[in-house]
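Enquirer: Provided below for reference: sequence and predicted model.
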2 protein chains.
Amino acid sequence: MNGESKPVRARKPRGEYAKSKATRTAILDCALEVFAESGYRSGSLREVATRVGMSEAGLLHHFPSKVKLLEAVLDHRDERSRAMVPLDSPDGAAILRGLVRLADYNASVPGVVELYCVLSAEATSVDHPAHAYFVERYALTRRTLEEAFAALAGEGKLRGGMTPRGAAIALIAMMDGLQVQWLLEDGGIDMAEELRTLFGQFVEIDWAVVDSPAT
Amino acid sequence: MNGESKPVRARKPRGEYAKSKATRTAILDCALEVFAESGYRSGSLREVATRVGMSEAGLLHHFPSKVKLLEAVLDHRDERSRAMVPLDSPDGAAILRGLVRLADYNASVPGVVELYCVLSAEATSVDHPAHAYFVERYALTRRTLEEAFAALAGEGKLRGGMTPRGAAIALIAMMDGLQVQWLLEDGGIDMAEELRTLFGQFVEIDWAVVDSPAT
DNA sequence: GTCTATATGGCGATAGAC
DNA sequence: GTCTATCGCCATATAGAC
């Protein structure tokens, strides 16, 4: 889209837009930290504002309420992790390799791990602002993985005794559970390695394949 | 200890002790509910007191601070679940059967599941009052299960590719992760059944054996 | 053992100046 | 776009009467 060679004049020629965007990003980064450390309910706007280096009122100018801020944080992070795993690929093995790759990447961003770990537990309450988000997210992930395992079963690569649905549930459970141990153990376990050995128990897969990145 | 046939006179002949104990138990039950629904940090003494049917000051007469109340709740629940799993048994298979039994029992007490799920995530923060509790609890559980799997490996019942340590980590992760899904799905998955099929993938075990209860 | 009253402080959000 | 000031509420914990 827009293949002209000459740069089009921006709609907002003033530098304020860029600055505002940078401020928003700074806020989202700090909010992620705070929600990760204390959860949504106990994390405070005051703490976020302090870390950003502005007042609470200033912060609320960019995100009109605490709930809106949470939604923005979740959206912000979703974009990044979606790019790591080819969830729409017909190749089941590629999806599994993507998940191991994601686990490896996650180990480099403990804040994000903590965020999802704490929020998914907190959001099991039906009255939590992110409850619907997590219910939908889990349902979608499980459905996608079930299809991936069904494809692998069609190729005769799923070991006896495992159903596609059971494998999908187990895989998600493992990823979540490993994160809790990893956080409590302060990185003392290797999430990606544990995932690989476990997957190897119920599916035949060649880990050496390198998938082309989705970008 | 104390084998006399005649009942010994109680140290506190008055009925107040029994009443006080009942009050303590009522408080602990309500506190478990509140901490399960909102976590420790967001759960309030006010809410606990309301559910018990007494004032905040009255509650604080029995538990002098919020932290002490949390510790009492955790201790209270630990006794019950310890009785379900023969963690000190030399029979590895019996331990695994006990864990499946525990998962089945847990499905009947969603409040307890929620409590541990929410608290274990919240307590990954080093400054959380229950941080040390959970670190120790996980270390102990992993060590115990590692020994159980090592025993099974000695009998040639551990499938190739799984180490005792890897199996222990995977097992704990699965139990934790299944609870999150179970809570979010409102009981839509069968935790015990999922555990059984997963265990079957890396260990040879006869589920039909009924272990004698520890009582 | 339980209460009311209160101290002290953090919270989310708004109003309005600059 | 950012600030100060403020509102109204909820939190934990204590003091002291009954």
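Expert: Sure thing, it's come through. Numbers count the residues shown, from 1 in each chain, chains lettered A, B, ... in the order given.

Enquirer: is DNA strand C contacted by the helix ranked longest in chain A?
Expert: Looking across chain A with DSSP state H, the single longest helix is helix A:16-42. No. Remark: helix A:16-42 sits outside contact range of DNA strand C, by Cβ under 7 Å from any atom of the strand, the gap being at least 7.6 Å. C-beta: built from backbone N, CA, C; applies to glycine.

Enquirer: now that helix: buried residues?
Expert: Using 16 or more other Cβ atoms under 10 Å in any protein chain shown as the test for burial, helix A:16-42 gives A:23, A:27-28, A:30-42.

Enquirer: got it, and stretch A:42-49?
Expert: A:S42, A:G43, A:L45, A:E47, A:V48, A:A49.

Enquirer: from the buried residues of helix A:16-42, which is closest to B:A192?
Expert: Ranked by distance to B:A192 (Cβ to Cβ), the buried residues of helix A:16-42 are led by A:G39 at 29.1 Å.

Enquirer: my read: that closest one touches B:T124, true?
Expert: No. Under the criterion of Cβ atoms under 8 Å, A:G39 is not in contact with B:T124, lying 10.5 Å apart.

Enquirer: which residues do the two both contact?
Expert: Residues touching both A:G39 and B:T124 by Cβ atoms under 8 Å, 6 or more residues apart in numbering or on different chains: A:V118.

Enquirer: what parts of chain A come near DNA strand D?
Expert: Counting by Cβ under 7 Å from any atom of the strand, chain A sits next to DNA strand D at A:16-17, A:19-20, A:23, A:53-58, A:61-62.

Enquirer: please redo it, this time with the cut-off set to 10 Å
Expert: Counting by Cβ under 10 Å from any atom of the strand, chain A comes close to DNA strand D at A:12, A:14, A:16-24, A:26-27, A:46, A:49, A:52-62.

Enquirer: is whatever helix or strand comes next after the longest helix of chain A positioned near chain B?
Expert: Downstream of helix A:16-42, the next assigned helix or strand under DSSP states H and E is helix A:45-52. No. Residues of helix A:45-52 contacting chain B under Cβ under 8 Å from any Cβ of the partner chain: none, with a closest distance of 12.7 Å.

Enquirer: and the nearest residue to A:S42 once chain neighbours are set aside, what's its pLDDT?
Expert: Excluding the flanking residues, the one nearest A:S42 by Cβ to Cβ, 6 or more residues apart in numbering or on different chains is B:R41, at 3.9 Å. On pLDDT, B:R41 comes in at 98.

Enquirer: surely B:R41 and B:E122 touch.
Expert: Yes. Using Cβ under 8 Å, B:R41 makes contact with B:E122 at a distance of 6.5 Å.

Enquirer: where do the contact lists of these two overlap?
Expert: A:G39, B:H128.

Enquirer: residues of chain A that sit close to DNA strand C?
Expert: A:34, A:38, A:40-50, A:55-61, A:63-70, A:129.

Enquirer: report the angle between the axes of the longest helix of chain A and helix A:45-52?
Expert: 140 degrees (axes from the mean of the first three to the mean of the last three Cα atoms, to 10 degrees).

Enquirer: can you give me how far helix A:16-42 is from the chain middle?
Expert: 16 Å (Cα atoms, centre = their mean, to the nearest Å).

Enquirer: next one: stretch A:202-215
Expert: For stretch A:202-215, the distance to the chain centre is 20 Å (Cα atoms, centre = their mean).

Enquirer: and stretch A:175-186, by the same measure?
Expert: 15 Å.

Enquirer: cool, and stretch A:172-189?
Expert: The answer for stretch A:172-189 is 15 Å, by Cα atoms, centre = their mean.

Enquirer: and for stretch A:47-59?
Expert: That offset, for stretch A:47-59, works out to 25 Å (Cα atoms, centre = their mean).

Enquirer: also stretch A:129-138?
Expert: 13 Å.

Enquirer: any part of it near chain B?
Expert: Yes. Between stretch A:129-138 and chain B, judged by Cβ under 8 Å from any Cβ, the touching residues are A:F134, A:V135, A:Y138.

Enquirer: now that stretch: buried residues?
Expert: For stretch A:129-138, by 16+ other Cβ under 10 Å, it's A:P129, A:A130, A:Y133, A:F134, A:V135, A:R137, A:Y138.

Enquirer: go on, stretch A:81-92?
Expert: Going by 16+ other Cβ under 10 Å, stretch A:81-92 has these buried residues: A:M84, A:V85, A:P86, A:L87, A:S89, A:G92.

Enquirer: reformat those as a markdown table; add secondary structure and pLDDT.
Expert: Output for the buried residues of stretch A:81-92, formatted as a markdown table (DSSP: H, G, I helix; E, B strand; the rest coil; pLDDT from 0 to 100):
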| residue | secondary structure | pLDDT |
| --- | --- | --- |
| A:M84 | helix | 89 |
| A:V85 | coil | 90 |
| A:P86 | coil | 91 |
| A:L87 | coil | 89 |
| A:S89 | coil | 91 |
| A:G92 | helix | 91 |
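
Enquirer: count the neighbours of A:G166 for me.
Expert: Residues within reach of A:G166, counting by other Cβ atoms under 10 Å in any protein chain shown, total 21.

Enquirer: these two touch, right, it and B:T197?
Expert: Yes. If you go by Cβ under 8 Å, A:G166 and B:T197 touch, sitting 5.3 Å apart.

Enquirer: quick revisit: OK, contacts around the residue nearest to A:S42?
Expert: So B:R41 contacts A:S38, A:G39, A:R41, A:S42, B:E122, B:H128 (Cβ under 8 Å, 6+ apart).

Enquirer: so A:A103 versus A:S212, what's the distance?
Expert: Going from A:A103 to A:S212 by Cβ to Cβ, to the nearest Å gives 20 Å.
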